[in-house]
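> sequence-free structure coming up:
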């Protein structure tokens, strides 16, 4: 059975008290030949998304970039291939996550048996041949040694164990930083007080870095307590259990999510989260919870909202996109 790790999961079919019952309609839709397993939207009107191995394993998991501004165009990164999925690796293969800056896509691909190969690739619409940035082989029972973070319109961060790189949209390193422990999560953005990248360590320490890669703030949580991390002008946003914290300097605001909800992004003053295969948006000023996408029976919903870049979601093989100002919040 294939293991497909996705960067987004699902949401509640029942909304919180005071929720707005609204289902947004896509401005654009595209259907692929295999299920869509991961999505990223960031900075510019474009989407990076990954599809799983197709039926029959004649075309293995791969990544697309879809331009959503102006005339919609779609580029595939790499050429069709039946490896490694046709080899029948004993513990599976696939793409565990994608992220992007304005035009640059990054993704993690894995395959193997008792030893699993983890590879980090990047590509752009003008340089569509994937370039390998990292390769790690390790025991299959260990978590991914490569971690991707939320990208901004300018950079996209990743870590290989404790080695952090904030990659510029042009492919050069904006900075590199060696963390004192293994990285659990990270995110880039235009945060308050000069915060450009937030890095969560498996020790529970959250380090805030400047655009030059200097630590300008730190806080500590219980190890494994933080399950989602984002950076925005409103503050550093984390999910801890069913609570979301937005920290701006010494000020902290908290918001409650339903049990088992998973925060998938923060943008434009809203917390986007999934639960029970529905997608919701919780307004941080109004506290109104809007249902954006209803669950599709038997299909996993993945989604992401990129600040200024729009809202993308998928269920099964179908990808949907709507511009940021077009999303129906039930107003």
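Received, thanks. Worth saying up front: this structure is predicted, and the values here are computed from it rather than measured.

> Mind checking what secondary structure residue 325 has?
With DSSP: H, G, I helix; E, B strand; the rest coil as the basis, the three-state label of residue 325 is helix.

> ok, it - contacts?
For residue 325, the contact set (CB atoms under 8 Å, 6 or more residues apart in numbering) is empty. Placement of C-beta: from N, CA and C, glycine included.

> Need the pLDDT of it.
Per-residue pLDDT puts residue 325 at 90.

> And residue 57, by the same measure?
For residue 57, the pLDDT comes out at 94.

> Find the residue closest to it in space, skipping its chain neighbours.
Once flanking residues are discounted, residue 57 sits nearest to residue 85: 4.3 Å by CB to CB, 6 or more residues apart in numbering.

> so which strand or helix has residue 200?
For residue 200, the host element (DSSP states H and E) is strand 197-201.

> Count the neighbours of the residue nearest to residue 57 for me.
For residue 85, the neighbour count with other CB atoms under 10 Å is 22.

> Please apply the same query to residue 189.
When neighbours are counted by other CB under 10 Å, residue 189 registers 27.

> Over to residue 133?
Applying other CB under 10 Å, we find 16 residues neighbouring residue 133.

> Could you pull up the contacting residues of it?
By CB under 8 Å, 6+ apart, the contact set of residue 133 is 106, 120, 121, 122, 158, 165, 167.

> for the fourth one, what are its contacts?
Just to be clear, that refers to residue 122. If a contact means CB under 8 Å, 6+ apart, then residue 122 has 104, 105, 106, 107, 130, 131, 133, 167, 171 as its contacts.

> Then the third one?
Contacts here follow CB under 8 Å, 6+ apart; on that basis residue 121 touches 63, 77, 106, 107, 108, 109, 130, 131, 132, 133.

> could you measure the last one against residue 39, distance?
Distance of residue 133 to residue 39, computed by CB to CB, to the nearest Å: 20 Å.

> ok, now the fourth one?
According to CB to CB, residue 107 stands 11 Å off from residue 39.

> now the fifth one
Between residue 108 and residue 39 the computed distance is 14 Å (CB to CB).

> Compare those two (neighbour count), which wins?
residue 39 (30 against 25).

> Helix or strand next in line after the top strand by length along the chain, which one?
For the chain, the longest strand by residue count, based on DSSP state E, is strand 127-139. Once strand 127-139 ends, the next helix or strand along the chain (criterion: DSSP H and E) is strand 146-148.

> which residues make contact with that next one from outside it?
By CB under 8 Å, 6+ apart, strand 146-148 touches 7, 97-99, 106-108, 118, 120, 134, 136, 156-160, 183-186.

> For that strand, what is the distance to the chain centroid?
In this view, strand 146-148 has its centroid 11 Å away from the chain centroid, taken as CA atoms, centre = their mean, to the nearest Å.

> Make 654 the first number, not 1, from now on.
Right, with 654 as the first residue, what we last looked at is strand 799-801.

> Pull up the pairing partners for the helix or strand following that strand, direction included.
Using DSSP H and E, the helix or strand that directly follows strand 799-801 along the chain is strand 808-813. Next to strand 808-813 in the sheet, as set by DSSP bridges, lie strand 799-801 (antiparallel), strand 816-821 (antiparallel).
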